[in-house]
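S.K.: the following block contains a protein sequence and its predicted model.
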Amino acid sequence: MTDINSLAKTISQLQDHFTALWHEDLRAESNEGSLLDLIVNQHRQNFDLWHEEDKAREPGVADSEIAKVKRAIDGLNQARNDMITQIDEMLADGPLSEYQNDSLPWNSETLGSIIDRLSIASLKVFHMKEQTERTDATPEHLKNCEEKVARLLIQQRDLGISLQVFLGDIIAGKKQNKLYRQFKMYNDPTLNPRIYSKPDQ
C-alpha cells in the first residue's frame, strides 16, 4: 500500500530512477503497484514527449517528418493528460477517499497536475546534468549549466514539498481534494472543428 505521508518523496525518486533507466533501456517497466505504476506510466508519456519534440528541432528535418512528429506528439500529450486525470481519480477514490470534505478550500492545481510538473522537473534536471558532462563544450557553458542544475534541483525539491504539504492539508482537514478534468479538445473528432468539418464548409 502506498504511504501517503511520504508519497511526494517516493514519486520524485521513482521519476528520477526511471528517467535515468529509460535512457539506458527503453523497455524498462514499473512493477510498483497500481497508483505508482500509473504515475510511472504518466512520467513515461512526458519522457517520450521530450524526445519526440526534439526530433522536430533537428536541423534540416523534412516537413513530412515534422508532420509525423506532430501527430505523435498529439497522441502522447493526450495520453499524458488523460493519465493526470486518472491519477487524480485514483487518489480520490483510494488513499484520500476518507478525507474528502466539499466545504473546505481547494487548490487551483490538482495533485495529478503537480505530479506532472514533478515529472517534467525530473527530465529537466537529467538533461541539464548531461550538459555539464560534455567534453565538446566551453568552460563557460559547463559552468552555466552547473548553475542551472543547482536551480532546477531546488525547484524540484520545492515542488515535491508543495505536493506533500497539499497532501498533508487534505489529511489534516484543511483543504479538499477537488477534482478537475482536462477536457482537451484538439484530438476529439466531436469537438475539434478542423476534424469534424471540412475547412471549406
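M.R.: Right, received. Where do you want to start? Numbers count the residues shown, from 1 in each chain.
S.K.: quick check: residue 99 touching residue 173?
M.R.: Yes - under the criterion of C-beta atoms under 8 Å, residue 99 makes contact with residue 173 at 7.0 Å. Yep, even glycine has a C-beta here, placed from its N, CA and C like the rest.
S.K.: so which of those two has more stuff around it?
M.R.: Between residue 99 and residue 173, counted using other C-beta atoms under 10 Å, residue 99 has the larger neighbour count: 18 against 10.
S.K.: residue nearest the centroid of the chain?
M.R.: Nearest to the geometric centre of the chain sits residue 116, at 2.8 Å (C-alpha atoms, centre = their mean).
S.K.: ok, now which ones touch it?
M.R.: Counting by C-beta atoms under 8 Å, 6 or more residues apart in numbering, residue 116 touches 42, 46, 80, 84.
S.K.: do the same with residue 100
M.R.: By C-beta under 8 Å, 6+ apart, the residues touching residue 100 are 92, 176-177.
S.K.: can you tell me the closest non-neighbouring residue to residue 89?
M.R.: residue 179 (6.8 Å; C-beta to C-beta, 6 or more residues apart in numbering).
S.K.: and the gap between the one you found and residue 102?
M.R.: Counting by C-beta to C-beta, to the nearest Å, the gap from residue 179 to residue 102 is 11 Å.
S.K.: these two: which is more packed in?
M.R.: The residue with more neighbours, out of residue 179 and residue 102, is residue 179; 16 against 7, by other C-beta under 10 Å.
S.K.: that one against residue 107, yeah?
M.R.: No - assessed by C-beta under 8 Å, residue 179 is found out of contact with residue 107, at 11.1 Å.
S.K.: okay, and the helix or strand of the protein with the least pLDDT?
M.R.: Every helix and strand of the chain was ranked by mean pLDDT, DSSP states H and E. The lowest is helix 193-196, at a mean of 73.
S.K.: pull the distance from that helix to the chain's centre.
M.R.: Chain-centre distance of helix 193-196: 28 Å, with C-alpha atoms, centre = their mean, to the nearest Å.
S.K.: neighbouring contacts of that helix?
M.R.: Contacts for helix 193-196 (C-beta under 8 Å, 6+ apart): 188-190.
S.K.: got any ranges where this structure has weak pLDDT?
M.R.: Residue ranges of the chain with pLDDT under 70: 1-2, 185, 194, 198-201.
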